[in-house]
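Undergrad: Sequence and computational prediction follow.
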Amino acid sequence: MAAAASSPYQRYRPASQHRGQAFFRPRPTRRPVVAPAPPAPTERPAVAQTPGHEPVLDIQELKTYFFTYDGVVRALDGINLQAYAGETTGVVGETGCGKSVTAFSVSRLIAEPGSIISGRILVNGANLLWGLDKEAKFRRVGRSDRVRVIRSFRHVRAANERMSAVRGKGVAMIFQEPSQAMNPVFTISDQLGEAVLLHRGVEVYEELLRADAGLVGPAAATAAPVTPGEPLEQIPEAPAPAVEPDIDGLLQVAATGRPEELRIKTAEVAAAVGLPSLDPELFYLLRNVGAQAYGRRKRVEAVLRRRHLSGLQRRYLRHQRRLAIIERAIKDVYLSEMQRERSRTGTRSRLRFRLMAERWRHFYYGLPGVTRRASAPIKREMFWRTVVMLEGVRVANPVQVARGFPHELSGGMLQRAMIAMALSAEPGLLLADEPTTALDVTIQAQILDLMHQLREKVGTAILLITHDLGVVAEVCDRVNVMYAGVVVESAPVKELFRRPLHPYTQGLLAAIPRFDQPTRDLATIPGSVPNLIRPPTGCRFYPRCPYAMPVCREVRPPPELQGEEHMVACHLYTSPEEGATAAEPTGVKLPIAGAPGAAGVPAPAH
């Protein structure tokens with residue numbers, strides 16, 4: 001028994017050895033549930049496809065409206081868009097064409113008075129709009145153009161809970177205004193650390209517990225997802241024991257005043273004790289101290305003692321680890337529901353009961369004094385993890401920035417902090433809503449380079465929203481041109497710049513100054529974006545198009561493929577028979593005035 005008590009494995013035991021194992025008894029078998037037949041496939045308009053692999057993001061006939069006092073604003077009216085893994089897809093267009101609304105619709109962040117009406121948003125096969133028809137009903141107010149939205153808060157809350165399984169790890173977003181997206185009363189380290197604990201909390205708790213037990217090895221975050229009836233945690237079989245750090249060698253390197261060698265040595269010391277976050281803490285403690293490094297031995301020893309936990313802290317970390325694994329299992333159930341489009345209420349209820357039982361069994365951790373003492377190692381660990389994240393986005397003084405508040409940072413620094421938060425979970429899809437709009441050219445190039453490195457490292461699909469066609473030509477693989485809530489052209493970036501087909505795309509490219517033609521007058525597109533409360537009945541670019549025909553006023557042009565991957569929606573590339581029989585896109589019909597086909601615009605003089 002004495003030998004067993006002295007083993008380093010004694011303090012680091014799986015949760016299956018606790019009393020909570022009683023909640024994992026297998027349930028009796030039930031009659032199999034016959035899955036309903038899949039719905040009949042609907043015919044979709046032609047869209048540009050990339051052969052060989054499935055898209056990470058697939059938007060199908062998405063409609064998002066805003067219900068105002070003046071009427072219904074059709075911000076998105078049946079768009080189709082795809083984004084593929086390892087590629088950057090650009091979305092360009094004038095202000096008010098629906099670019100940002102597309103990103104907010106994908107992340108389900110459309111606030112009132114807006115609402116997603118219909119369509120499908122598939123992210124890695126999961127339908128984010130599953131159950132959308134139950135979330136709201138629409139009723140016309142008298143004889144006016146206004147529409148009243150009656151929301152079912154129970155279904156809206158259920159949709160938000162399902163999206164928690166996708167946001168962060170599946171879909172991350174870089175907002176256009178970082179100062180409005182950050183909380184002004186919390187430090188940068190608190191906000192970035194919260195995001196890391198939410199999506200990678202199991203890995204953090206495992207590293208702290210392993211370092212305390214004197215073990216070096218991979219965390220249990222790579223274990224298989226929990227299923228009902230299985231233990232909560234799986235521990236790798238043979239973790240290696242940690243070795244004593246070389247403090248004398250570390251101080252000797254610090255005395256030389258060479259930061260590159262010091263960073264290599266601090267990384268070796270952190271790897272020896274099994275806690276990578278000690279690397280930046282030791283580096284910034286001994287940087288630029290020179291011959292005074294030997295006088296900081298006690299401070300170095302105090303930093304290394306951080307890996308040792310008290311009994312209260314050890315039990316608290318185990319408790320938090322169990323909570324994080326149960327919450328991850330609930331998110332897996334939500335994700336499977338959206339993939340299968342079928343509810344799993346029973347499984348979710350059993351997991352929620354486990355979560356509630358775990359919290360009530362350790363209710364005393366919620367007391368203010370107990371929580372502050374027990375969570376001290378987590379707070380310190382997350383601070384130095386935040387410093388590493390800020391180093392990854394090339395912040396000059398990451399320790400000072402991590403301790404600061406959002407209002408103390410410049411626009412470029414704050415944008416980098418937001419990018420670090422978005423990239424912390426290594427998402428499969430990154431929505432970048434004009435991330436370089438308010439930055440100078442040098443900072444803009446660095447941020448675009450960071451996004452490119454993430455794409456190459458993780459294979460992330462990036463949806464880049466921008467006004468700058470120069471940025472699109474530099475970093476994008478595919479381009480989608482939007483106008484008045486619809487996608488008018490989609491093609492690979494080289495194909496689009498070489499052969500633009502839609503008159504609106506031709507106008508955008510003609511407005512770019514060229515170095516080889518310095519005396520050429522810049523072209524302009526006459527007019528402005530139409531009123532989306534009463535848009536034109538046919539082609540929405542018809543009032544501004546120099547090639548407008550009578551059919552453009554009456555019929556909305558269907559998307560047509562002009563090549564293997566080049567899609568354009570214009571009557572110039574549609575046969576007379578197709579143009580005469582083309583109908584308005586199908587979808588949810590709202591009882592509102594000014595709907596497509598009910599009111600038009602006067603024909604412009606030619």
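TA: Nice, thanks for sending it over.

Undergrad: which parts of the helix ranked longest in the chain are buried?
TA: If you go by DSSP state H, the chain has its longest helix at helix 311-340. Residues 313-314, 316-335, 337-338 are the ones in helix 311-340 that count as buried (16 or more other Cβ atoms under 10 Å). Bear in mind the C-beta positions are built from the backbone N, C-alpha and C, glycine included.

Undergrad: and E489, that's in a strand?
TA: Yes - counting by DSSP: H, G, I helix; E, B strand; the rest coil, E489 is part of a strand.

Undergrad: Contact partners for it?
TA: By Cβ atoms under 8 Å, 6 or more residues apart in numbering, the contact set of E489 is 479-481, 496, 500-502, 504-505, 566-569.

Undergrad: And it, how close does it get to A417?
TA: 35 Å (Cβ to Cβ, to the nearest Å).

Undergrad: residue ranges with poor pLDDT in the stretch 101-250 of the chain?
TA: Counting by pLDDT under 70, the ranges of the stretch 101-250 of the chain that qualify are 215-244.

Undergrad: so where do the helices sit in it?
TA: 153-163, 178-181, 188-213, 247-256 (DSSP state H, counting those that start in this stretch).

Undergrad: out of these, deepest packed?
TA: Most buried of the helices of the stretch 101-250 of the chain by mean neighbour count (mean count of other Cβ atoms under 10 Å) is helix 188-213; its value is a mean of 22.

Undergrad: For it, name the packing helices and strands.
TA: The contact analysis (3 or more Cβ pairs under 8 Å, 6 or more residues apart in numbering; DSSP states H and E) places helix 188-213 against helix 311-340, helix 376-392, helix 398-403, helix 411-423.

Undergrad: Could I get the ones you listed in a markdown table, plus columns for mean pLDDT and distance to G78?
TA: Output for the helices and strands packed on helix 188-213, formatted as a markdown table (pLDDT from 0 to 100; distance: least, Cβ to Cβ, whole Å):
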| stretch | mean pLDDT | distance to G78 |
| --- | --- | --- |
| helix 311-340 | 92 | 22 |
| helix 376-392 | 91 | 39 |
| helix 398-403 | 92 | 43 |
| helix 411-423 | 86 | 29 |
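
Undergrad: and the angle for the host helix or strand of K298 with helix 376-392?
TA: Element membership for K298, per DSSP states H and E: helix 297-304. On the basis of axes from the mean of the first three to the mean of the last three Cα atoms, to 10 degrees, helix 297-304 is oriented at 100 degrees to helix 376-392.

Undergrad: Mind listing what's buried along helix 297-304?
TA: Across helix 297-304, burial judged by 16+ other Cβ under 10 Å covers 300, 303-304.

Undergrad: Residues contacting it, please?
TA: Residues outside helix 297-304 that contact it (Cβ under 8 Å, 6+ apart): 245, 247, 250-251, 269, 273, 278, 281-282, 285-286.

Undergrad: what's the closest of those residues to N183?
TA: Closest approach to N183 among those (Cβ to Cβ): E281, at 25.3 Å.

Undergrad: Quick check: Y547 touching P503?
TA: Yes - using Cβ atoms under 8 Å, Y547 makes contact with P503 at a distance of 5.6 Å.

Undergrad: These two: who's more crowded?
TA: P503 (21 against 13; other Cβ atoms under 10 Å).

Undergrad: could the helices and strands packed on helix 188-213 go into TSV alongside distance to G257?
TA: What follows is those, written out as TSV (distance: least, Cβ to Cβ, whole Å):
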stretch	distance to G257
helix 311-340	36
helix 376-392	20
helix 398-403	19
helix 411-423	28
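
Undergrad: Please name whichever of those helices is nearest to C552.
TA: Nearest of these (Cβ to Cβ): helix 311-340, 39.1 Å.

Undergrad: what about the strands in the stretch 451-600 of the chain?
TA: Secondary structure of the stretch 451-600 of the chain (DSSP state E, counting those that start in this stretch): strands at 461-465, 478-483, 486-492, 560-561, 567-568.

Undergrad: what is the rounded mean pLDDT of the longest one?
TA: It stands for strand 486-492. What strand 486-492 shows for mean pLDDT is 93.

Undergrad: Same check on the second one?
TA: In this model, strand 478-483 has a mean pLDDT of 93.

Undergrad: now swap in the last one and tell me
TA: The average of the pLDDT scores along strand 567-568 is 92.

Undergrad: picking up where we left off before, where is pLDDT lowest across the contacts of helix 297-304?
TA: Among those, P245 has the lowest pLDDT, at 73.

Undergrad: if I pick that residue, what's in contact with it?
TA: 269, 272-273, 304.

Undergrad: now swap in Q176 and tell me
TA: Counted by Cβ under 8 Å, 6+ apart, Q176 has contacts 100, 433-435, 437.

Undergrad: And it, its phi and psi?
TA: For Q176, the backbone dihedrals are phi -70, psi -40 (criterion: degrees, to the nearest 10).

Undergrad: on that earlier part again, nearest to R352 among the strands of the stretch 451-600 of the chain would be which one?
TA: Among the strands of the stretch 451-600 of the chain, strand 461-465 sits nearest to R352 (Cβ to Cβ), with 32.0 Å.

Undergrad: and that closest one, what other elements does it pack with?
TA: Short answer (3+ Cβ pairs under 8 Å, 6+ apart): strand 461-465 packs on strand 72-83, strand 88-92, helix 99-106, strand 429-433, helix 441-458, helix 469-475.

Undergrad: My understanding was that G485 contacts V72; is that so?
TA: No - using Cβ under 8 Å, G485 is not in contact with V72; the gap is 11.9 Å.

Undergrad: I figured T187 hits F405, correct?
TA: Yes - using Cβ under 8 Å, T187 is in contact with F405, at 5.9 Å.

Undergrad: Please say which of those two ends up with more neighbours.
TA: Remark: of T187 and F405, T187 carries more neighbours, 18 against 15, as counted by other Cβ under 10 Å.

Undergrad: check contacts around that one.
TA: With contact taken as Cβ under 8 Å, 6+ apart, T187 is in contact with 402-405.

Undergrad: ok, back up a step: among the contacts of P245, which are located in helices?
TA: Per DSSP H, the contacts of P245 map to helices at 269, 272-273, 304.

Undergrad: Output the below-cut-off pLDDT ranges for the stretch 501-606 of the chain.
TA: By pLDDT under 70, the low-scoring segments of the stretch 501-606 of the chain are 575-606.

Undergrad: at 90 what do you get?
TA: 507-538, 542-550, 552-554, 558, 560-565, 572-606 (pLDDT under 90).

Undergrad: where along it do the helices fall?
TA: 503-510, 550-554, 576-581.

Undergrad: Show me which residues of the second one are buried.
TA: Neighbour-count burial for helix 550-554, counted by 16+ other Cβ under 10 Å, picks out 551-554.
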